[in-house]
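K.L.:
next comes the sequence, and after it the predicted model I'd like to discuss.
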Amino acid sequence: MTFTTQAEIKSFGGKLVKLQHDSKETKTKMDVNLYLPEQYYEQPDSKLPVLLYLSGLTCTPNNCSEKGFWQPYANKYGFAVVYPDTSPRGASIEGEDESYDFGSGAGFYVDATEEKWSKNYRMYSYILKELLPNLASSYSRLDFNNMSITGHSMGGYGALMFYLRNPGRFKSVSAFSPISNPSNCAWGQKCFGGYLGADKSKWAEYDPSELVKKYDGPDTPILIHTGTADPFYFRDHQLLPENLVKASEDSKLKGKIDLHLEEGYDHSYYFISSFTKDHAAHHAKYLGLSPKL
Ligand SMILES: N[C@@H](CCC(=O)N[C@@H](CSC=O)C(=O)NCC(=O)O)C(=O)O
């Protein structure tokens, strides 16, 4: 796979590189952003860890690149940040652009099995089996074996799901307002039903509140922040972080879900960027990084 560089933008001393490539998994062009911290340019012999950031419904790789403010912390600790897209786009599937919470911008990080979607909507395999290995080949100074994962909302669910399904693959996980029990909320039911069909045993293979019960990997704490003024949390019950905590109580991760309910914060990037610092410090610890002096 060849990445073509669409833009290189200097930011906080490092560079945001906007890449595009043809994907075998989604059979579409895919965009991905990559932030290379100062150390990438200043220390040519270094090999830098990676943080994978998964975005939420409606997002492209640009939302978090512009509003998540990871760059100062990527520079402080010396890690790169990968921002994938949230779905295939332009797959010529009837109805793919009809709603904000299904189809384009809403791939839900699953490999669809329903026929209409199954050729293109393969975000699980795309990210894990195509994007990350190909970035590792193209950027040999990034250490994709020393990698952590985070994300927001649908991407927070994605981060938890990838981490719990692949014990040891990621050094740590955190999430901002994650959809923690998608089988039991409207967003998850729409996407799981649409992409995976009616058989709920298939949904359980992606649902963090089910996966946690069987998880048998390292017992690294999982950091979660959710805002109490987030309407998707308190009004619509889309997030259900308490269900994940409850499900973990009989698991190897008992007492390890570090859930912070933050008074007055909403679902937006104003909330995310207020706590980026805490999530960066969490991942730096498990990636073996110390702050730059
Ligand atoms: N348009 C929708 C809400 C869409 C929304 O809030 N998207 C969030 C993620 S929600 C869960 O995955 C987001 O990150 N938006 C992009 C941004 O830059 O804020 C509606 O009106 O309800």
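P.N.:
Nice, I can see it. Numbering: from 1, shown residues only.
K.L.:
let me see the contact set for the closest residue to Leu259 other than its chain neighbours.
P.N.:
Closest residue to Leu259 apart from its sequence neighbours, by C-beta to C-beta, 6 or more residues apart in numbering: Ile224 at 4.8 Å. Glycine gets a C-beta too; all of them are placed from N, C-alpha and C. Applying C-beta atoms under 8 Å, 6 or more residues apart in numbering, we find Ile224 in contact with Gly156, Ser174, Ala175, Phe176, Pro178, Ser180, Pro241, Leu244, Ile257, Asp258, Leu259, His260.
K.L.:
okay if I get those as JSON lines plus pLDDT and secondary structure?
P.N.:
Formatted as JSON lines, the contacts of Ile224 follow (pLDDT from 0 to 100; DSSP: H, G, I helix; E, B strand; the rest coil):
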{"residue": "Gly156", "pLDDT": "99", "secondary structure": "helix"}
{"residue": "Ser174", "pLDDT": "99", "secondary structure": "strand"}
{"residue": "Ala175", "pLDDT": "99", "secondary structure": "strand"}
{"residue": "Phe176", "pLDDT": "99", "secondary structure": "strand"}
{"residue": "Pro178", "pLDDT": "99", "secondary structure": "coil"}
{"residue": "Ser180", "pLDDT": "99", "secondary structure": "coil"}
{"residue": "Pro241", "pLDDT": "98", "secondary structure": "helix"}
{"residue": "Leu244", "pLDDT": "98", "secondary structure": "helix"}
{"residue": "Ile257", "pLDDT": "98", "secondary structure": "strand"}
{"residue": "Asp258", "pLDDT": "98", "secondary structure": "strand"}
{"residue": "Leu259", "pLDDT": "98", "secondary structure": "strand"}
{"residue": "His260", "pLDDT": "98", "secondary structure": "strand"}
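K.L.:
partner strands of the helix or strand containing the residue nearest to Leu259, with direction?
P.N.:
Using DSSP states H and E, Ile224 maps to strand 222-227. Sheet pairing of strand 222-227 (DSSP bridges) gives strand 174-176 (parallel), strand 257-262 (parallel).
K.L.:
which of the ones you listed sits most buried?
P.N.:
Ranked by mean neighbour count, the strands paired with strand 222-227 are led by strand 174-176 with a mean of 30 (mean count of other C-beta atoms under 10 Å).
K.L.:
ok so, going back, give the rounded mean pLDDT of the strand holding Ile224.
P.N.:
Mean per-residue pLDDT for strand 222-227: 99.
K.L.:
can you give the contact residues for stretch 130-147?
P.N.:
With C-beta under 8 Å, 6+ apart as the test, stretch 130-147 has contacts from 1, 3, 21, 23-25, 30, 32, 34, 40, 44, 46-52, 80, 82, 84, 169-171, 287-288.
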